[in-house]
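>>> sequence-free structure coming up:
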C-alpha cells in the first residue's frame, strides 16, 4: 500500500515529466527555444527538490550520503554554468558529447547500484534485465561519447582509425557483452563478477564502435549516442521505479532517434548504415 508521501512524490514526478515535454515542444522553434530550456530546467529542479523532501521524510542510512549528493549537485551546477558561459558556440557539439558522456556514465552507475545493493533474494529477473541493459547502454555511451568528443576537439585524430578485422572484433565484443549480461541474469549470486565483465566489454565496444568513424560524421554519432543515453536513463528509471527518469529518458531517446534519422537523411545516408557502423570516410 503506497503511503501519502509516495503518492505525492509520484504526482510531482509526473509534473516534472510534463514540464520536460513542454520544454521539448518549445524547442521546436528558435523563437521559443530559450523558453523551452527554462521550462525543462524548472522541471528538473522540481524533481530534485521532491527527491530531497522524500529522502528527508523517509530518512537516510548515512548523513555522508546527503553530503555527497549536495557536493555533487554543486560541482555539476558550477561546471554547467561555466561551460555555458565560456564554451564557444562552434564548440557546442563536443560539449554536448562530453555532457552525453556524463549522462551515460550516470545511468550506468545508477543501474549498477540497483544490482549490487539489493539482496540476492530480492533480485528479480525484471530488475536484472532493466538494470543490466542500463549498464550496457550507459557504458557504451560513456566511452563512445568520449571518443566522439576527442575527435571533434582534435585530441583524437579525426580520420577513421580502424584495425584489421574491425568488424569481427566489434561482433565478438557485442556477443561477449550480451553473454556476460545473460550470465548476470542466470547467476545473480555472482553479480559482482558479471557486472564488472559486462561493463568492461561494453566500454571496449563503445571505443571500437566510434574509432573507425570519420570526424565529419561525428554529429550523427553523437545524436545516436544521445539516444542511447536516453534509453539507458529510461532503463534505470524502470529498475528503480522512478517515473521522472522513465519519461525523461524516453523523451531523450525518441528525440535522439528522430534527430539521427533526419541528420542521416540530410547526409544522404540510411540510418541502418549508421547503426551497423557502415558509415564514415573509409578511404578510397
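On my side now, so go ahead. Values in this document were obtained by computation on a predicted structure and should not be read as measured data.
>>> next SSE after the host helix or strand of residue 99?
For residue 99, the enclosing helix or strand under DSSP states H and E is helix 92-117. Next helix or strand after helix 92-117 toward the C-terminus (DSSP H and E): helix 125-153.
>>> and that following helix, average pLDDT?
Per-residue pLDDT over helix 125-153 has a mean of 91.
>>> what angle sits between that helix and helix 92-117?
Put simply, helix 125-153 runs at 150 degrees to helix 92-117, going by axes from the mean of the first three to the mean of the last three C-alpha atoms, to 10 degrees.
>>> same for helix 125-153, what does it pack against?
helix 92-117, helix 166-186, helix 191-210, helix 218-240 (3 or more C-beta pairs under 8 Å, 6 or more residues apart in numbering; DSSP states H and E). In short, each C-beta sits where N, CA and C put it, glycine included.
>>> between those helices, which gets nearest to residue 135?
For these, proximity to residue 135 was assessed by C-beta to C-beta; helix 92-117 is nearest, at 4.8 Å.
>>> show me what that closest one is packed against.
Partner elements for helix 92-117 (3+ C-beta pairs under 8 Å, 6+ apart): helix 125-153, helix 191-210, helix 218-240.
>>> those: which one's closest to residue 184?
Of all these, helix 191-210 comes closest under C-beta to C-beta, at 3.9 Å.
>>> what residue lies at the spatial centre of the protein?
residue 229 (2.3 Å; C-alpha atoms, centre = their mean).
>>> and the closest residue to residue 143 other than its chain neighbours, what is it in contact with?
Sequence neighbours aside, residue 206 is the residue nearest to residue 143 in space, at 3.5 Å (criterion: C-beta to C-beta, 6 or more residues apart in numbering). Taking C-beta atoms under 8 Å, 6 or more residues apart in numbering, we find residue 206 in contact with 139-145, 147.
>>> between these, which has the most around it?
Per-residue neighbour counts (other C-beta atoms under 10 Å) across these peak at residue 141, which has 33 neighbours.
>>> what's the local residue count around the residue nearest to that residue when sequence neighbours are not counted?
Once flanking residues are discounted, residue 141 sits nearest to residue 104: 3.0 Å by C-beta to C-beta, 6+ apart. By other C-beta under 10 Å, 30 other residues sit near residue 104.
>>> please report how far residue 104 lies from residue 179.
As defined by C-beta to C-beta, to the nearest Å, residue 104 lies at a distance of 22 Å from residue 179.
>>> again with residue 65
34 Å.
>>> the two - which one has more neighbours?
residue 179 (14 against 11).
>>> the contacts of residue 206: which two are farthest apart?
Top of the distance list for the contacts of residue 206 (C-beta to C-beta): 139 and 147, 13.1 Å.
>>> hang on, the earlier thing: could the helices and strands packed on helix 92-117 be laid out in a markdown table, adding distance to residue 255?
Shown next, in a markdown table, are the helices and strands packed on helix 92-117 (distance: least, C-beta to C-beta, whole Å):
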| stretch | distance to residue 255 |
| --- | --- |
| helix 125-153 | 15 |
| helix 191-210 | 21 |
| helix 218-240 | 7 |
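>>> dump the residue contacts of the closest residue to residue 125 other than its chain neighbours.
Distance criterion C-beta to C-beta, 6+ apart; nearest residue to residue 125, sequence neighbours excluded, is residue 185 at 6.4 Å. For residue 185, the contact set (C-beta under 8 Å, 6+ apart) comprises 125, 128-129, 132.
>>> all set now, cheers.
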